[in-house]
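J.: could you look at this predicted model? Sequence included:
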Amino acid sequence: MARQQQWKWAKDVDRLNEVEKLKLEKDGLDVIPDIEKYAQTGFESIPEEEFARFKWAGLYLQRPKSDGYFMMRVRIPTGILNSRQVRVLAEVARDYGRGLIDVTTRQAVQYHWLRIENIPDIFRRLKEVGLYSYEACGDCPRNIVGNPLAGIDPYELIDTRPIVAELEKTFLLNKEFSNLPRKYKISVSANIHNAGHAQINDVAFTPAIKEIDGERVVGFHVWVGGGLSNRPHLAQQLDIFVRPEQVVDVAVGITKVFRDYGYREKRHRARLKFLVADWGPEKFLEVLTELIGPYPSRGEDQLKEWNGGYFTGVHPQKQEGLCYVGLNIPVGRTSAEEFFQLADLADQYGSGSVRTVNTQNVIIPDVPRERVDDLLKEPLLERLTPYPKTFVGHAISCTGKEFCNLALTETKQLMYRTVQYLDSRIDLDVPIRLHVNGCPNSCGQQQIADIGLLGGKLKTPAGMVEAYTVSVGGHLNGKGRFNTQLKGRVEANDVPRVLESLVLFYKNERQPGESFAD
Ligand code: SF4
């Protein structure tokens, strides 16, 4: 109880939303040991209210809830894996998840079809290789995203791996931060092309340089209050410069501000973005400074043009003679079989390292230049090709109605069908990024897409059908910009042809050098 008294709303329980009351009764993390018990007693023995806490174990009920299957998300901080971990991820999918693996927009992986009886063994297998599903969901610090090329990136100011590891150690399973008002997303990247998608995270660290006492110091600028879902907000920068060794202190301070001042009455107003929007970055910094003391003001921002989060193809690393090979996973859906092969290729051609990317793709790093041609001939790279066609190579999809209880529409098949159609009919020299969400929660991040699709329903003479709003022109350059919704809704069957018209209009009418977002 002492910990709960740290935040003011605990004194006024009647005003809390229902999820807050559940969290006061029992911390989300306390469900983890109980899952061992439920695995023995069976799905039917799980009290209804416990499913809300299962998120802290990285588990959601899969659609339809009554069938008793779970979806599990595994955190992969900044997307860095070794081949042993990749094999264990593949084994779990093979043994318990019907072989399916989805790579998510936060560099995590997701399983489907899991049974409660299997969960303790999955926890054990993951833990043996240093992987966790804990706090991959829930009102707590989620998987830390960032630069998938950390440590090998010619365009990073510093290697952020030690910082991310320290943050993970600080936040994971820490009950000081396991009861936040809502989900909480951290991004850390020193890549100058905004690999961590700073503006759509609750807190983000991006590369900066400041002259201090005559020395040019490499560090970070700090953004707060970004987030998508309904009522999306772009994060705003605080007037603060942070040295690498100070990142954890600052992240802890920001998290305490959110924990203690974030809104807990209305669930839809609970994300940090609403507090930051109400306070503004100046007041937020004032309150933060009371906790962490004064920091120097901002230095020189080092962010240049956003790369969209795409690393497909063969590229030189900062280590002379080594390359990384970015592979496309069509709409983020892969398999145990492909993950086994990926682990083998990473060992055979690279250093055993594999990276997951927030565009639902993967990277094999550390490949000697002279071995690249052989790697490119491997059978796995026929499907997970480093040289995908334009549209399939820039397509993102959330889970959708296939497995997600919140979904209004199917998503992955629609997106795959659409990009196949577009790639077969349009030859374009620049990428157009397509994203689809099956509901406003925006796991597919449709607001930052060149063309974003949001699933909903449409009343037609034949009854209610699945349909999508279309939004155009989002990006994360500079301060970032969300796309603009066009009028009307498009029935699912018409999506490929409507997008074809939009893309052809751009292709035929554009001025020299004009991008789709322009
Ligand atoms: Fe489910 Fe909605 Fe997230 Fe898609 S955006 S995975 S439908 S919650």
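T.: Structure's in. What do you need? Numbers count the residues shown, from 1 in each chain.
J.: ok, the nearest residue to residue 158 once chain neighbours are set aside - contacts?
T.: Distances taken as Cβ to Cβ, 6 or more residues apart in numbering place residue 190 nearest to residue 158, at 4.8 Å, with adjacent residues excluded. C-beta here means a position set from N, CA and C on the backbone, and glycine is covered the same way. By Cβ atoms under 8 Å, 6 or more residues apart in numbering, residue 190 lies in contact with 147, 150, 156, 157, 158, 159, 160, 206, 207, 218, 220.
J.: among the residues you listed, which one has the most neighbours?
T.: residue 147 (32 neighbours; other Cβ atoms under 10 Å).
J.: wait, doesn't it sit right on residue 189?
T.: Yes. Using Cβ atoms under 8 Å, residue 147 is in contact with residue 189, at 4.1 Å.
J.: overlap in contacts, those two.
T.: 78, 156, 160, 195, 196.
J.: buried ones in the helix or strand encompassing residue 127?
T.: Secondary structure assigned from DSSP states H and E places residue 127 in helix 119-128. Buried residues in helix 119-128, counted by 16 or more other Cβ atoms under 10 Å: 119, 120, 122, 123, 125, 126.
J.: and what of stretch 501-516?
T.: For stretch 501-516, by 16+ other Cβ under 10 Å, it's 502, 503, 506, 516.
J.: run through the helices of the stretch 201-350 of the chain in chain order.
T.: 247-261, 272-292, 336-349 (DSSP state H, counting those that start in this stretch).
J.: among those helices, which is nearest the ligand?
T.: The stretch from the helices of the stretch 201-350 of the chain with the least distance to the ligand (Cβ to the nearest ligand atom) is helix 272-292; that distance is 17.0 Å.
J.: distance from the chain centre to the closest one, please.
T.: 24 Å (Cα atoms, centre = their mean, to the nearest Å).
J.: residues in contact with it?
T.: 181-182, 184, 202-203, 224-227, 231, 233, 235-240, 249-250, 252-254, 256-258, 261-263, 295.
J.: list only buried entries from those.
T.: 181-182, 184, 202-203, 224-227, 233, 235-238, 240, 249-250, 252-254, 256-258, 261-263, 295.
J.: what residues does this protein put near the ligand?
T.: 398-400, 404, 406-407, 437-439, 441-444 (Cβ under 6 Å from any ligand atom).
J.: quick one: contacts for residue 380?
T.: For residue 380, the contact set (Cβ under 8 Å, 6+ apart) comprises 338, 341, 342, 345.
J.: from residue 388, how far off is the residue nearest to the spatial centre of the chain?
T.: In the chain, the centroid-proximal residue (Cα atoms, centre = their mean) is residue 106; its distance is 1.7 Å. From residue 106 over to residue 388 the distance is 21 Å, taken as Cβ to Cβ, to the nearest Å.
J.: helix or strand for residue 150, just tell me which one.
T.: Counting by DSSP H and E, residue 150 is found in no helix or strand.
J.: ok, it touching residue 80?
T.: Yes. The pair residue 150 / residue 80 is scored as a contact, 6.8 Å apart, by Cβ under 8 Å.
J.: mutual contacts of the two, please.
T.: Listed contacts common to residue 150 and residue 80 are 161, 164; contacts here mean Cβ under 8 Å, 6+ apart.
J.: just give me the neighbour total for the closest residue to residue 258 other than its chain neighbours.
T.: Ranked by Cβ to Cβ, 6+ apart and with sequence neighbours excluded, the top spatial neighbour of residue 258 is residue 272, at 4.8 Å. Counted with other Cβ under 10 Å, the neighbours of residue 272 add up to 31.
J.: buried residues in stretch 345-353?
T.: Under 16+ other Cβ under 10 Å, the buried positions of stretch 345-353 are 345, 346, 347, 349, 350, 352, 353.
J.: and the residues you listed as a markdown table, adding pLDDT?
T.: Shown next, in a markdown table, are the buried residues of stretch 345-353 (pLDDT from 0 to 100):
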| residue | pLDDT |
| --- | --- |
| 345 | 98 |
| 346 | 98 |
| 347 | 98 |
| 349 | 98 |
| 350 | 98 |
| 352 | 98 |
| 353 | 98 |
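J.: run the chain-centre distance for stretch 293-310.
T.: Its chain's C-alpha centre and that of stretch 293-310 lie 20 Å apart, by Cα atoms, centre = their mean.
J.: and the contacts of it?
T.: Contacts of stretch 293-310 (Cβ under 8 Å, 6+ apart): 157, 192-195, 197-198, 206-212, 217, 219, 221, 237, 239-242, 246, 250, 289, 326, 357-359, 361, 393-394, 431, 433, 475-477.
J.: which stretches of the protein have low pLDDT?
T.: Flagging of the chain using pLDDT under 70 yields the residue ranges 1-11.
J.: try 90 this time
T.: Across the chain, the ranges flagged by pLDDT under 90 are 1-15, 229-230, 462, 512-518.
J.: what sits against residue 21?
T.: So residue 21 contacts residue 13 (Cβ under 8 Å, 6+ apart).
J.: burial count for the residue in the stretch 151-300 of the chain that the ligand sits nearest to?
T.: Closest approach between the stretch 151-300 of the chain and the ligand, counting by Cβ to the nearest ligand atom: residue 229, at 8.4 Å. By other Cβ under 10 Å, the residues close to residue 229 number 18.
J.: use 9 as the first number from now on
T.: In the new count, where the first residue is 9, that last one comes out as residue 237.
J.: can you tell me how far it is from residue 281?
T.: 9 Å.
J.: what does residue 149 give?
T.: Look at residue 149 and residue 281: by Cβ to Cβ, they are 16 Å apart.
J.: residue 31 too?
T.: Where residue 281 is concerned, residue 31 sits at a distance of 20 Å (Cβ to Cβ).
J.: and for residue 247?
T.: 19 Å.
J.: for residue 407, same thing?
T.: Counting by Cβ to Cβ, the gap from residue 407 to residue 281 is 23 Å.
J.: also residue 58?
T.: For residue 58, the distance to residue 281 - Cβ to Cβ - is 29 Å.
J.: among those two, which residue is more densely surrounded?
T.: residue 281 (25 against 15).
J.: now do the same contact list for the closest residue to that one other than its chain neighbours.
T.: Of all residues not flanking residue 281 in the chain, residue 241 sits nearest, at 3.9 Å (Cβ to Cβ, 6+ apart). For residue 241, the contacting residues are 233, 234, 235, 281, 282, 284, 285, by Cβ under 8 Å, 6+ apart.
J.: surely the third one is in contact with residue 193?
T.: Pointing back at residue 235 there. Yes. Counting by Cβ under 8 Å, residue 193 is a contact partner of residue 235 at 7.2 Å.
J.: what sits in contact with each of those two?
T.: Shared contacts of residue 235 and residue 193, defined by Cβ under 8 Å, 6+ apart, are found at 209, 210.
J.: sorry, back to before: please name the bridge partners of the residue nearest to residue 281.
T.: Using DSSP bridges, the bridge partners assigned to residue 241 are residue 235.
J.: quick one: which two of the contacts of residue 198 are the most distant?
T.: Taking Cβ to Cβ as the measure, those span a maximum distance of 15.2 Å, between 167 and 214.
J.: what helix or strand does residue 189 sit in?
T.: Using DSSP H and E, no helix or strand contains residue 189.
J.: excluding chain neighbours, what is closest to it?
T.: Residue 189 sits nearest to residue 270 (Cβ to Cβ, 6+ apart), 3.6 Å away.
J.: ok, residue 386 next?
T.: Of all residues beyond its chain neighbours, the one nearest residue 386 is residue 353 (6.0 Å), with distances taken as Cβ to Cβ, 6+ apart.
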